[in-house]
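Novice: fold the stuff below for me.
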Amino acid sequence: SDADSGVGMDLACGTCFDFHKTTDYLFLVGTEEGKIHKCSKHYSSQFLDTYDAHHMAVYAVRWNNFHPRVFASCSADWTVKIWDHNYSEPMFTFDLGSSVGDIVWSPYSATVFGAVTDDGQVYIFDLSQEKYEPLCQQSVVQKKKTKVNHIAFQPTLSDHCCW
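Specialist: Prediction:
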């Protein structure tokens with residue numbers, strides 16, 4: 001059947017995607033339903049794998065710049081999850097208490113990432129220093145007037161962040 005072959009399953013709208021940093025045919029797609037599909041440009045009619053990742057829409061998926069098996073995801077369900085793409089369960093889950101609009105890995109460190117939430121908070125994590133809590137949490141906008149929906153590290157300065 002089509003369901004057994006991976007064809008035509010769960011055709012939810014994609015909300016985000018990211019291409020693998022070293023394997024040019026591999027990419028991830030996050031969906032409105034909270035799933036993440038691992039895909040290949042070589043197999044356009046089926047998914048390589050599907051992760052039941054989140055309970056609400058996935059807003060960002062990002063491959064780690066240094067570890068080819070690791071990616072991060074964030075969602076409207078208030079969580080950031082860190083994954084090894086060879087396993088169906090996340091390695092880490094962080095509940096940030098508000099919808100998480102974006103995540104990004106540092107271009108300088110394999111263990112540092114940032115996230116932004118709808119309530120105007122920026123979070124910086126370093127998994128080599130603290131595995132369960134952010135190193136920094138900062139409110140950057142007034143909650144009711146504006147919303148933060150993107151985060152990036154500056155490419156020329158070591159671990160400085162922009163939102």
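Novice: quick one: the strands in this protein?
Specialist: Applying DSSP state E to the chain gives strands spanning 14-19, 26-31, 35-40, 49-52, 58-63, 70-75, 79-84, 92-95, 100-105, 112-117, 121-126, 136-139, 152-153, 161-162.
Novice: tabulate the CA atom coordinates of the fourth one in PDB.
Specialist: Included here for strand 49-52 are C-alpha records, laid out as PDB according to Å, rounded to 0.1, in the frame of the first residue of the first chain:
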ATOM      1  CA  ASP A  49      12.500   9.300   7.700                       C
ATOM      2  CA  THR A  50       9.800  11.100   9.700                       C
ATOM      3  CA  TYR A  51      10.100  12.400  13.200                       C
ATOM      4  CA  ASP A  52       7.100  13.000  15.400                       C
END
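Novice: give the other helices and strands that that strand contacts.
Specialist: strand 35-40 (3 or more Cβ pairs under 8 Å, 6 or more residues apart in numbering; DSSP states H and E). Heads up, the C-betas are built off the backbone N, CA and C, glycines and all.
Novice: tell me what the strand it packs on is packed against?
Specialist: Packing partners of strand 35-40 (3+ Cβ pairs under 8 Å, 6+ apart): strand 26-31, strand 49-52, strand 58-63.
Novice: could I get those as CSV with distance to Phe125?
Specialist: Formatted as CSV, these follow (distance: least, Cβ to Cβ, whole Å):
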stretch, distance to Phe125
strand 26-31, 19
strand 49-52, 20
strand 58-63, 13
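Novice: looking at the ones you listed, which is closest to Lys144?
Specialist: The minimum distance between Lys144 and the helices and strands packed on strand 35-40 falls on strand 58-63, with 20.5 Å, by Cβ to Cβ.
Novice: could you give the mean pLDDT of that closest one?
Specialist: Per-residue pLDDT over strand 58-63 has a mean of 98.
Novice: so can I have TSV of the strands of the chain showing mean neighbour count and distance to Lys145?
Specialist: Shown next, in TSV, are the strands of the chain (neighbours: other Cβ atoms under 10 Å; distance: least, Cβ to Cβ, whole Å):
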stretch	mean neighbour count	distance to Lys145
strand 14-19	16	25
strand 26-31	21	28
strand 35-40	20	32
strand 49-52	16	35
strand 58-63	24	21
strand 70-75	25	23
strand 79-84	22	25
strand 92-95	15	25
strand 100-105	23	16
strand 112-117	24	15
strand 121-126	20	15
strand 136-139	12	12
strand 152-153	16	22
strand 161-162	16	20
